[in-house]
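1. fold the following for me, if possible:
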Amino acid sequence: MFRAHILVGVAAALVLSQAPEFEQQYSQRLGGAIGELEPIVANFDADAQRASLTREEALAIYGRSHEQFLKDRGKSMLQVFDRYDRLVRQRDALENAGALSRPALVMSSPDGKLLADTRRAFAPAVPLSLAGLVYAVLGFALVLLGRGAARQLRRLFGRLRYASDL
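-> So this is what the prediction gives:
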């Protein structure tokens with residue numbers, strides 16, 4: 001029984017030790033996505049500025065159009081701006097976070113497409129960083145703590161059952 005928990009603990013350690021590597025691969029994709037969206041945002045803003053419009057005013061023109069294509073184009077541009085702003089905020093937060101908190105930060109509010117693409121292409125790495133070691137120890141400890149907590153609950157319920165039999 002104890003050996004099985006050690007094996008599960010080692011497995012959890014191996015899995016969680018990959019969290020910093022996953023975060024790094026996600027961050028690389030994050031930078032790429034921002035790089036793809038930047039010229040789109042910059043070109044739209046430059047076009048609006050040449051017409052003496054703010055971004056919001058330019059988007060409002062799309063919204064007031066009688067042409068469905070232009071209305072739809074305005075909505076899709078708004079989605080581009082929203083995603084770009086979210087990705088930039090996440091990149092900035094990751095750059096300002098410590099190595100140990102970055103994986104949790106990614107998982108707290110990931111971009112769905114980037115997360116799916118990272119999962120699909122994820123390549124595990126040997127955790128040679130301090131963060132990888134900490135996550136490995138955390139995974140191992142969670143299993144051992146879970147085993148200890150389960151044992152304590154069995155003892156408690158066993159005592160309660162024994163006391164109710166009296």
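2. going forward, measure contacts between C-alpha atoms and count neighbours the same way
-> OK.
3. number of nearby residues for Arg50?
-> 10 (other CA atoms under 10 Å).
4. repeat for Ala48
-> If we define neighbours as other CA under 10 Å, then Ala48 has 17 of them.
5. what about it, helix or strand, and which?
-> Ala48 belongs to helix 19-50 when elements are defined using DSSP states H and E.
6. so for that helix, mean pLDDT?
-> Confidence over helix 19-50 (mean pLDDT, whole number) is 96.
7. and that helix, what's buried?
-> By 16 or more other CA atoms under 10 Å, the buried positions in helix 19-50 come out as 19-27, 29-30, 33-34, 37-38, 41, 44-45, 48.
8. does anything pack onto the helix or strand that it is followed by? Which helices or strands?
-> Heading C-terminal from helix 19-50, the first helix or strand you meet, by DSSP H and E, is helix 55-64. With contacts taken as 3 or more CA pairs under 8 Å, 6 or more residues apart in numbering; DSSP states H and E, helix 55-64 sits against helix 19-50, helix 68-96.
9. the ones you listed into CSV, with extra columns for distance to Leu59?
-> Listed next are the helices and strands packed on helix 55-64 as CSV, based on distance: least, CA to CA, whole Å:
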stretch, distance to Leu59
helix 19-50, 9
helix 68-96, 6
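10. select, out of these, the one closest to Leu130.
-> Among the helices and strands packed on helix 55-64, the nearest to Leu130 by CA to CA is helix 19-50 (9.6 Å).
11. what packs against that closest one?
-> Packed next to helix 19-50, using 3+ CA pairs under 8 Å, 6+ apart, are helix 55-64, helix 68-96, helix 102-108, helix 112-121, helix 130-165.
12. to Val10, which of the ones you listed lies closest?
-> Closest approach to Val10 among these (CA to CA): helix 130-165, 5.8 Å.
13. average pLDDT across the closest one?
-> Average pLDDT, helix 130-165: 69.
14. again with stretch 103-116
-> 94.
15. next: stretch 56-71.
-> For stretch 56-71, mean pLDDT rounds to 96.
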